[in-house]
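Visitor: Just to be clear, the model below is a prediction. Sequence and coordinates:
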Amino acid sequence: MSEAHVLDHPLIQHKLTLMRRKETSTTSFRRLLNEIGALMAYEVTRDTPMQEVEIETPLEPMRAKLIDGKKLVFVPILRAGTGLLDGFLDVVPGARVGHIGLYRDPETLRAVEYYFKMPGGMSERDAIVLDPMLATGNSAVAAIARLKQTRPRSIRMVCLVAAPEGIATLQAAHPDVPIYTAAVDRQLNDHGYIVPGLGDAGDRIFGTK
């Protein structure tokens, strides 16, 4: 079974608490999510492969390490996943970006795909899937199953808040995909929302409710 990593850095937890407040404005919510995205990116990319290159400092030549940002692909699940994207790109500006468009059927809570676009050469790339909320897990399961068809070198799942039910669903379907989250909340309610959670992330990012 894949691991679920809780990123408990104080700055991440502080900003998450501010985002949870119902009185937090759309502007502040969006800014905080961008900041958390950057902080999470540092943790999630900790084991990114590196290569040695020859450079010259002002004093002498040396061999030094670089990552190949072009080998990373950030894959936001539309629409809310785009809220994390800018923070990740702030840390790895050379990364490629793919998109998976899914919406949750309100009756079945199942994910329905409406858009899919990835960079070429995915077999040489490491994919990081972005979605603020891992609730039922159905969207993440569908997104990763679709992404696996492109045969990326590796896949990681990043979310801001997860429910135990969503983690279990994702681990059962994709035991090879590690999960990174800032918090594991208590449970899902009858409508499939995480509680205590922070509401509908997409609506709070875009001010649509």
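Guide: Yep, it's here.
Visitor: make it CA atoms for all contacts and neighbour counts henceforth
Guide: Noted.
Visitor: Tell me where the chain has strands.
Guide: Secondary structure of the chain (DSSP state E): strands at 4-6, 50-56, 61-67, 72-78, 96-97, 99-104, 111-117, 126-130, 133-134, 154-162, 179-184, 187-188, 194-195.
Visitor: neighbours of residue 62, just the number please.
Guide: By other C-alpha atoms under 10 Å, 11 other residues sit near residue 62.
Visitor: If you could redo that for residue 93, that was the one I meant.
Guide: Other residues within reach of residue 93, judged by other C-alpha under 10 Å, total 12.
Visitor: how about it, what does it touch?
Guide: The contact partners of residue 93, by C-alpha atoms under 8 Å, 6 or more residues apart in numbering, come to residue 69.
Visitor: now with 10 Å?
Guide: Residue 93 sits next to 69, 70, 86, 87 when contact means C-alpha atoms under 10 Å, 6 or more residues apart in numbering.
Visitor: Then residue 127?
Guide: So residue 127 contacts 71-75, 95-98, 144, 147-148, 151-157 (C-alpha under 10 Å, 6+ apart).
Visitor: where does it sit relative to residue 28, distance-wise?
Guide: Distance, residue 127 to residue 28, by C-alpha to C-alpha, to the nearest Å: 28 Å.
Visitor: ditto for residue 185
Guide: 22 Å.
Visitor: mind checking the end-to-end distance for stretch 143-156?
Guide: Terminal residues of stretch 143-156 are spaced 12 Å apart (C-alpha to C-alpha).
Visitor: for the protein, what are the low-confidence residue spans?
Guide: For the chain, residues meeting the criterion pLDDT under 70 lie at 1, 109.
Visitor: what's the residue closest to the geometric middle of it?
Guide: For the chain, residue 130 is the residue whose C-alpha lies nearest the centre (C-alpha atoms, centre = their mean; 2.4 Å).
Visitor: ok so, going back, ok, so of the contacts of residue 93, who is nearest residue 19?
Guide: Nearest to residue 19, judged by C-alpha to C-alpha, of those is residue 87 at 15.3 Å.
Visitor: Is it possible to get TSV of the strands of the chain that adds distance to residue 37?
Guide: As requested, these are exported to TSV (distance: least, C-alpha to C-alpha, whole Å):
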stretch	distance to residue 37
strand 4-6	14
strand 50-56	22
strand 61-67	19
strand 72-78	12
strand 96-97	15
strand 99-104	17
strand 111-117	22
strand 126-130	9
strand 133-134	13
strand 154-162	9
strand 179-184	10
strand 187-188	23
strand 194-195	20
